[in-house]
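> Provided below for reference: sequence and predicted model.
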Amino acid sequence: MSVKELRTQIEKISDETELQKKFLAKLRSDKSLLQHQLNAVLDPVARLPPETSSNIFLHCLSPVPALDLPPSGACGGPDTYLILLLTVCNAWTTIALSTPDLWTAIDIIFPCAEGFPEILETWLQRARKRPLSILSRGNLDDPSVSAISAIIWKHGQQLRSLEICADTENEDTENEEEHGTGHVDLFLGMLKSGPLPLFQTLVIRRLLDESGLLGPLREFSGPQILELLSLAPNLMECTFHDVDCVSGLSDLDPRPKNLILPNLCRLSFGPRTAIPNGEDGILQCLSVPRLEVLSVSLSNLSANDLISFLERSSPPLQELVISDVSGLIHDIHFHDFLRLLPSLQHFEVWWPSDDLMTQLSAALEDSFWPNLRDLIIHNLSPTTTLLHTLYARRPQFQTLRIEMNGPLPVEILSAMRELVASGIQIYIGTKKFRL
């Protein structure tokens, strides 16, 4: 063939190749369309509107997803259902990223991976302006705590709930220049955030280990906690579980007085289901006019301090839990204490003395607490005086729980059994004995 003929032949083949490419592209497009149609038939979820898929994600995912990154240098990545959701398909990724409510809660576990602050910032930005719930736990001596704290308080005006859980103690007490004062400092940058109008729940506690025991005691800066409380006018619930939250308060001159928390309803120095054990001396600095539930240990608070707090606050208290009640008898007139709580409906006490039980029995006979419906007494010494009084006042109660330390009064138990059928919830005995 001549040169001209060869070139003509090459052009013809090139044109045919381009035509076949277009035909192949059309075949692939037709196949993809048919595959989508088949998927829609086989998978009804694919036909759901994005709004419906978004609601399904919200209901199925954990309220507080754990963003548990490995320590710096380790392999792996975020191990959460929400992160996995982003890898399913492009449609689900788009829906997840366009649903701010999916990104409003996060569980931060220290130590964090290198680069985690950037991930946290991205996570919180995806929540847009929604209220945030943050759980921060683990080794709070980790160097990344400061950077993470600064990011949290950068979004402080969106913060609704904050739980801080310390599980280790700074053992390097000799090197305070490197580690600071030894206080857990998760409030770096807090003042820059300004008021916290959405902040409703604060929990600061120690971690329970696998055996159910508490870890070593941690100190949190009392002045910092007071500063945080002062920035949260709408705080409704606050719990300090077996932590020192008064450290540094005694060094302040003058000591803060009468910080008013206008909307706080629940204040607990310990878990709701066990004996109060938190450092409750911070009550000397507070006034809580709307308080309905109070759980105190009286470990750093005298009975007179408690009386002063109640007089200063005049709260409509409905539930009171106390662990160390010895001072209520020795330091004050018990009836004066009772008169401050006319609306009390639930009273729970641990390790009461015989003197306190005598006073309580007299108070019940005199109707000092006309609204009392639930009475729970833990570790009561063998005595029948109070039990006889309770039997006489039985129509008043809805719940009665007495845990004894010794032999059970048979005559009272027989009488109380008759009341179970009437709908009163009664437990009298040891932890292994139930009516």
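That came through, no problem.
> check the gap between Ile95 and Ala105 for me.
Note on Ile95: its distance to Ala105, by Cβ to Cβ, to the nearest Å, is 18 Å. From N, CA and C alone the C-beta is placed, and that goes for glycine too.
> again with Ser230
For Ser230 relative to Ala105 (Cβ to Cβ), the value is 25 Å.
> tell me which of those two has more neighbours.
When neighbours are counted by other Cβ atoms under 10 Å, Ser230 and Ala105 differ, and Ala105 comes out ahead with 24 against 15.
> can you pull the contacts of the residue lying closest to Ala127 once chain neighbours are set aside?
Counting by Cβ to Cβ, 6 or more residues apart in numbering, Ala127 lies nearest to Trp103, which is 4.2 Å off, once chain neighbours are set aside. Residues counted as contacts of Trp103 (Cβ atoms under 8 Å, 6 or more residues apart in numbering) are 82, 123-124, 126-127, 130.
> and Leu264, by the same measure?
For Leu264, the contact set (Cβ under 8 Å, 6+ apart) comprises 235-238, 288, 290-291.
> in this structure, which helix is the longest?
In the chain, with assignment by DSSP state H, the single longest helix is helix 3-42.
> and Thr93, how many neighbours?
Look at Thr93: counted by other Cβ under 10 Å, it has 13 neighbours.
> for it, pull up the helix or strand it's in.
helix 90-97 (DSSP states H and E).
> which SSE is immediately downstream of that helix?
Next in line after helix 90-97, if elements are assigned by DSSP H and E, sits strand 105-110.
> and for Arg266, the neighbour number?
18.
> contacting residues for it?
Counted by Cβ under 8 Å, 6+ apart, Arg266 has contacts 236-239, 291-293.
> my guess is Leu202 meets Leu162, correct?
Yes - applying Cβ atoms under 8 Å, one finds Leu202 in contact with Leu162, separated by 5.6 Å.
> how near is Leu320 to Met404?
22 Å.
> can you check Leu86 too?
Noted for Leu86: a distance of 56 Å to Met404, by Cβ to Cβ.
> looking at these two, which one has more neighbours?
Between Leu86 and Met404, Met404 has the larger neighbour count (other Cβ under 10 Å), namely 20 against 16.
> is it true that that one touches Ile377?
No - using Cβ under 8 Å, Met404 makes no contact with Ile377, being 9.0 Å away.
> what is the burial count for the spatially closest residue to Phe110 that is not a sequence neighbour?
Closest residue to Phe110 in three dimensions, ignoring its sequence neighbours and counting by Cβ to Cβ, 6+ apart: Gly138, at 3.6 Å. Using other Cβ under 10 Å, Gly138 has 19 neighbouring residues.
> go ahead and confirm Ser221 touches Asp244.
No - here Ser221 does not reach Asp244: they are 9.6 Å apart, not a contact under Cβ under 8 Å.
> quick one: low-confidence parts of the stretch 251-400 of the chain?
Residue ranges of the stretch 251-400 of the chain with pLDDT under 70: 251-256, 272-274, 277-278, 324-333, 381-396.
> how about the strands in it?
Ranges of strands in the stretch 251-400 of the chain, per DSSP state E, counting those that start in this stretch, are 259-260, 266-268, 286-287, 293-296, 319-322, 346-350, 374-380, 399-404.
> can you give me the domain boundaries for the protein?
Following automatic domain parsing, one finds the domains of the chain at 1-47, 48-170+180-256, 337-435.
> and those domains as JSON lines, adding distance to Pro262?
As requested, the domains of the chain are exported to JSON lines (distance: least, Cβ to Cβ, whole Å):
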{"stretch": "domain 1-47", "distance to Pro262": "47"}
{"stretch": "domain 48-170+180-256", "distance to Pro262": "6"}
{"stretch": "domain 337-435", "distance to Pro262": "18"}
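> closest one to Ser299 among those domains?
Across these, Ser299 has its closest neighbour in domain 48-170+180-256 (10.3 Å, Cβ to Cβ).
> how far away from the center of its chain is the closest one?
Mean-position distance between domain 48-170+180-256 and its chain equals 10 Å (Cα atoms, centre = their mean, to the nearest Å).
> go on, stretch 369-379?
Distance, centroid of stretch 369-379 to centroid of chain: 27 Å (Cα atoms, centre = their mean).
> mind listing what's buried along that stretch?
Residues of stretch 369-379 classed as buried by neighbour count (16 or more other Cβ atoms under 10 Å): 369, 372, 374-378.
> and for the closest residue to Cys112 other than its chain neighbours, the neighbour number?
Using Cβ to Cβ, 6+ apart and skipping residues adjacent in sequence, the residue nearest Cys112 is Ser144, 4.5 Å away. Neighbourhood size, Ser144 [other Cβ under 10 Å]: 19.
> any idea which helix or strand carries the residue nearest to Arg137 when sequence neighbours are not counted?
In this structure, Arg137 finds its nearest non-sequential neighbour in Cys165, 3.6 Å apart by Cβ to Cβ, 6+ apart. Cys165 is part of strand 159-166, with elements assigned from DSSP H and E.
> packing partners for that strand?
strand 132-138, strand 201-206 (3 or more Cβ pairs under 8 Å, 6 or more residues apart in numbering; DSSP states H and E).
> for these, give me JSON lines that also has distance to Asp280 and mean pLDDT.
Formatted as JSON lines, the helices and strands packed on strand 159-166 follow (distance: least, Cβ to Cβ, whole Å; pLDDT from 0 to 100):
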{"stretch": "strand 132-138", "distance to Asp280": "23", "mean pLDDT": "89"}
{"stretch": "strand 201-206", "distance to Asp280": "13", "mean pLDDT": "88"}
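> format the ones you listed as CSV; extra columns: distance to Met357.
Shown next, in CSV, are these (distance: least, Cβ to Cβ, whole Å):
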stretch, distance to Met357
strand 132-138, 40
strand 201-206, 31
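> and those strands: which comes nearest Pro316?
Nearest to Pro316 among those is strand 201-206; the distance by Cβ to Cβ comes to 20.2 Å.
> helices and strands around that closest one, which ones?
Packing partners of strand 201-206 (3+ Cβ pairs under 8 Å, 6+ apart): strand 159-166, helix 222-230, strand 237-241.
> any chance of the ones you listed in CSV, plus mean pLDDT and distance to His346?
As requested, the helices and strands packed on strand 201-206 are exported to CSV (pLDDT from 0 to 100; distance: least, Cβ to Cβ, whole Å):
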stretch, mean pLDDT, distance to His346
strand 159-166, 90, 24
helix 222-230, 88, 25
strand 237-241, 91, 16
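> could you export those to a markdown table, including columns for distance to Glu114?
Output for these, formatted as a markdown table (distance: least, Cβ to Cβ, whole Å):
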| stretch | distance to Glu114 |
| --- | --- |
| strand 159-166 | 22 |
| helix 222-230 | 27 |
| strand 237-241 | 31 |
